[in-house]
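Undergrad: Build me a model from this:
(one chain, ligands or ions: 1)
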Amino acid sequence: MNTALNTVIHDTDVDTHHRALRFLTAGSVDDGKSTLIGRLLFDSRAILADQLDVLAKRAAGEPIDLSLLTDGLEAEREQGITIDVAYRYFATKTRKFIIADAPGHEQYTRNMVTAAAGSDAAVVLVDITKLDTSVDAVELLPQTRRHSLLAHLLRVPSIVFAVNKLDAVAQPGPAFAAVSKALRAFAAQAGIEITAIVPVSALRGDNVTQPLAADWYSGPSLLQVLESLPGVQEKVEGQLLIPVQYVAKDGEGTGHQARTLWGRIAHGQVQAGDEVQILPSGQTAQVAEVRRAGETVAHCVAGESAGVVLDRQLDVSRGDWIVTPGSAQPRQSFEATLAWLDTEPAVPGRKYWLRHGNRWVQARISAIQHRLDIHSLQEQEATQLNVNEIGHVLIETQSPLPVEPYTSNRVGGSLIVVDPTSNRSSGALLVR
Ligand SMILES: Nc1nc2c(ncn2[C@@H]2O[C@H](COP(=O)(O)OP(=O)(O)OP(=O)(O)O)[C@@H](O)[C@H]2O)c(=O)[nH]1
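TA: Reported below is the predicted structural model:
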């Protein structure tokens, strides 16, 4: 790879402000999700063309590595939990964007849960033509409530409402004000913090990338909002956590003799000289070298795919974790929020496979504590969880896992539940 180009891209990567923003889009059928994504991709094409031009100049005649624009996603793709989600990429002068597009209708909740787990923001579309905006208290669609509650429950850090199809209403100003009021009232009741409410016409491109010229709106365009959001998914501060994805054999692709442990840093950062612990074995070692994209680097931070070379030979394989010594306590039972996505209900006692990072373990739900009503968020008694239901459960695993609370660590705190008979991804667990 061209070194200058590599430097340009990675310098941009480690600057938190310029870090890629991952967001998902949510909305009911026909709200205009596909049109909005198309619009973002189309309108940003010109911007991307400029950016590629700069990269081409820096590459000085060598071929441009386009994968640089989607850096860091390979690891995730391989985790196999994103099957139902299509990623789309675009970039502006200041930022790279990754849209987790979760298509489908009745399956939507399931896909949304998958997409939300790795997202920095959710854009919830609201089709203004489906609402009666002439009344004092506008009634939102159940899907709008449901999707924003889900995004909130899944701790997506920023929630943005895009009120769409404003070109199709007679008085967009008052209509937008009425819908905004209803969204704010609902959010206050549900404890959701709204990042922004933005009027758009995905079809005409109004206020999507360019600010709207209207006397009733003087706020930012949707793209301006997205450009300004913090990409907080990767936490650079704090304890190190790397799920080992691949162990490169002696010398493989590295030009030296030691084994390299590859994985995308979920949390913290790593540099040569750091003491680390391998889980579940518990053995410790010192980091001899840190590699990234085929080169030795001074350090790697959360969000980057890092290659770690240890100062001694330990028995490490895919599925293990590299952590700050003593920072993670492997456990065999824990409480979690379970979002159930399978038509076959979740029942206590049954065996399931869990995937935590890159490790698979057998487990069972030892108890369902209660179900959460998606409209009111009230706790209800339950003996099973049906499709699209969310509840609090107790989990017991066959071997210990270094799980962490989802609120403090979204990678260490989330697991996928797989049904061993159908092999379907049946649910998502968020450690409490
Ligand atoms: N008037 C108007 N129509 C729009 C706008 N955005 C989307 N539409 C129309 O709404 C319909 C649905 O748009 P889609 O983008 O397919 O909606 P979707 O949410 O992706 O729907 P599914 O793909 O079915 O989930 C299409 O006929 C679009 O042309 C808009 O800003 N204004």
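
Undergrad: contacts, neighbours, all on C-alpha from now
TA: Noted.

Undergrad: Double-check residue 22 against residue 101; I have them as touching.
TA: No - Residue 22 is beyond contact range of residue 101, at 10.5 Å (criterion: Cα atoms under 8 Å).

Undergrad: Who has more neighbours out of these two?
TA: Legend: neighbour count by other Cα atoms under 10 Å for residue 22 and residue 101, higher for residue 22 (24 against 21).

Undergrad: Return the residues of the chain in contact with the ligand.
TA: 29-35, 164-165, 167-168, 201-203 (Cα under 6 Å from any ligand atom).

Undergrad: quick one: which helix or strand includes residue 188?
TA: helix 172-190 (DSSP states H and E).

Undergrad: which outside residues touch that helix?
TA: Contacts of helix 172-190 from elsewhere in the structure, counted by Cα atoms under 8 Å, 6 or more residues apart in numbering, are 128, 133-134, 136-140, 145, 149, 163, 166, 169, 193-194, 197, 199, 216-217, 376-377.

Undergrad: Please, a ChimeraX command that selects the buried ones among the residues you listed?
TA: Buried residues within the contacts of helix 172-190, by 16 or more other Cα atoms under 10 Å, are selected in ChimeraX with:
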select :128,133,138,140,145,149,163,166,194,197,199,217
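
Undergrad: So which of the contacts of helix 172-190 are in strands?
TA: Among those, the residues falling in strands (DSSP state E) are 163, 197, 199.

Undergrad: how about the residues you listed in a markdown table, adding pLDDT and distance to residue 424?
TA: Listed next are these as a markdown table, based on pLDDT from 0 to 100; distance: Cα to Cα, whole Å:
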| residue | pLDDT | distance to residue 424 |
| --- | --- | --- |
| 163 | 98 | 35 |
| 197 | 98 | 36 |
| 199 | 98 | 38 |
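
Undergrad: Tell me how far residue 147 lies from residue 187.
TA: Distance of residue 147 to residue 187, computed by Cα to Cα, to the nearest Å: 12 Å.

Undergrad: and the closest residue to the ligand within the stretch 301-432 of the chain, how many residues sit next to it?
TA: Nearest residue of the stretch 301-432 of the chain to the ligand, counting by Cα to the nearest ligand atom: residue 388, 17.8 Å away. Neighbourhood size, residue 388 [other Cα under 10 Å]: 19.

Undergrad: pretty sure it contacts residue 339?
TA: Yes - using Cα under 8 Å, residue 388 is in contact with residue 339, at 6.8 Å.

Undergrad: Buried subset of the residues of the chain next to the ligand, written for ChimeraX?
TA: Burial among those is assessed by 16+ other Cα under 10 Å; the matching ChimeraX selection reads:
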select :31,32,33,35,164,165,167,201,202,203
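
Undergrad: Just the ones in strands from the residues of the chain next to the ligand, please.
TA: Per DSSP E, the residues of the chain next to the ligand map to strands at residue 164.

Undergrad: coming back round to it: what helix or strand does the residue of the stretch 301-432 of the chain closest to the ligand sit in?
TA: Counting by DSSP H and E, residue 388 is part of no helix or strand.

Undergrad: a markdown table for the ones in strands among the contacts of helix 172-190, including distance to residue 267?
TA: Shown next, in a markdown table, are the ones in strands among the contacts of helix 172-190 (distance: Cα to Cα, whole Å):
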| residue | distance to residue 267 |
| --- | --- |
| 163 | 35 |
| 197 | 31 |
| 199 | 36 |
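
Undergrad: Could you single out the nearest of those residues to residue 323?
TA: Comparing these against residue 323 with Cα to Cα places residue 197 closest, at 39.6 Å.

Undergrad: show me what contacts the closest residue to the closest one other than its chain neighbours?
TA: Nearest non-adjacent residue to residue 197, counting by Cα to Cα, 6 or more residues apart in numbering: residue 161, 4.7 Å away. Contact partners of residue 161, counting by Cα under 8 Å, 6+ apart, are 123-126, 194, 196-198.

Undergrad: is it true that residue 161 lies in a strand?
TA: Yes - Residue 161 sits within a strand when classified using DSSP: H, G, I helix; E, B strand; the rest coil.

Undergrad: Touching, residue 407 and residue 155? I think so.
TA: Yes - under the criterion of Cα under 8 Å, residue 407 makes contact with residue 155 at 7.2 Å.

Undergrad: Can you check the pLDDT for residue 26?
TA: Residue 26 is assigned 87 on the pLDDT scale.

Undergrad: Could you do residue 293 as well?
TA: If you check residue 293, the pLDDT there is 82.

Undergrad: I'd like the distance between it and residue 262.
TA: 10 Å.

Undergrad: Thanks a lot, catch you later.
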